[in-house]
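Colleague: Test case, fold it:
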Amino acid sequence: MKPSIYKGYDDLPLMLNIKQLSDLLGISDASAYELVQEDFPSLRIGKRIVVPKEELRDGSPLTRREDRDDRESET
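Modeller: I've put the predicted structure just below:
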């Protein structure tokens, strides 16, 4: 897996397209499309599908996983 070009949350664009989301999560483009079709918060702008950067922090499984990892390391 190639390293992400984003070093932190502040480096992310305000809206991520599917390619950026798949690169960030380390999944295929097809998996990213499937993710946003199922339950990942996303917006449709015409034919484009974008994910607001704020949704990655607030409601994503990634955030919950990081919170869980932080709690486990504290115990």
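
Colleague: Quick check, pLDDT for the closest residue to residue 11 other than its chain neighbours.
Modeller: The shortest distance from residue 11 to any non-neighbouring residue, by C-beta to C-beta, 6 or more residues apart in numbering, is to residue 5 (7.9 Å). Any C-beta I mention is one placed from the backbone N, CA and C, and that applies to glycine too. Listed pLDDT for residue 5 reads 77.

Colleague: Can you tell me the element the residue nearest to residue 28 when sequence neighbours are not counted falls in?
Modeller: Closest residue in space to residue 28, ignoring its immediate chain neighbours: residue 22 at 6.2 Å, by C-beta to C-beta, 6+ apart. Using DSSP states H and E, the element containing residue 22 is helix 18-25.

Colleague: hey, where'd the helices end up in the chain?
Modeller: For the chain, the helices defined by DSSP state H cover 18-25, 29-38, 53-58, 61-74.

Colleague: How far away from the center of its chain is the shortest one?
Modeller: The gap between where helix 53-58 is centred and where its chain is centred comes out at 8 Å by C-alpha atoms, centre = their mean, to the nearest Å.

Colleague: Verify the stated contact: the residue nearest to residue 28 with residue 32.
Modeller: Yes. Residue 22 is within contact range of residue 32, at 3.8 Å (criterion: C-beta atoms under 8 Å).
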